[in-house]
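J.: Let me see the structure of the following:
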Amino acid sequence: MSNDEASIRERAYFLWLEEAQPDGRDVDHWLQACAESQGREAEPETP
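T.: Here you go, the predicted structure:
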């Protein structure tokens with residue numbers, strides 16, 4: 001595992017914790033952490 005992947009994994013985990021550990025949001029948290037690591041905001045979710 002690269003350092004980038006480890007930091008994204010950790011950030012996604014903290015996003016999950018901040019949202020009270022919801023089920024089924026793992027991909028959203030991962031994508032948000034990826035976007036943050038690349039210096040941009042995650043795109044808003046469409047309903």
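J.: average pLDDT for the longest helix seen in the chain?
T.: If you go by DSSP state H, the chain has its longest helix at helix 3-18. For helix 3-18, mean pLDDT rounds to 95.
J.: Could you do stretch 30-39 as well?
T.: Computed over stretch 30-39, the mean pLDDT rounds to 93.
J.: so how far is that stretch from its chain's centroid?
T.: Relative to its parent chain, stretch 30-39 has a centroid offset of 6 Å by Cα atoms, centre = their mean, to the nearest Å.
J.: List the buried residues of it.
T.: Residues of stretch 30-39 classed as buried by neighbour count (16 or more other Cβ atoms under 10 Å): 30, 32, 33, 34, 36. Every C-beta, even on glycine, is put in place using the N, C-alpha and C of the backbone.
J.: Out of those, which sit inside helices?
T.: Mapping the buried residues of stretch 30-39 onto helices (DSSP H) picks out 30, 32, 33, 34, 36.
J.: what's the neighbour count on the closest residue to the fourth one other than its chain neighbours?
T.: Which is residue 34. The shortest distance from residue 34 to any non-neighbouring residue, by Cβ to Cβ, 6 or more residues apart in numbering, is to residue 8 (5.7 Å). A total of 22 residues lie near residue 8 under the criterion other Cβ atoms under 10 Å.
J.: ditto for residue 14
T.: For residue 14, the count of nearby residues is 12 (other Cβ under 10 Å).
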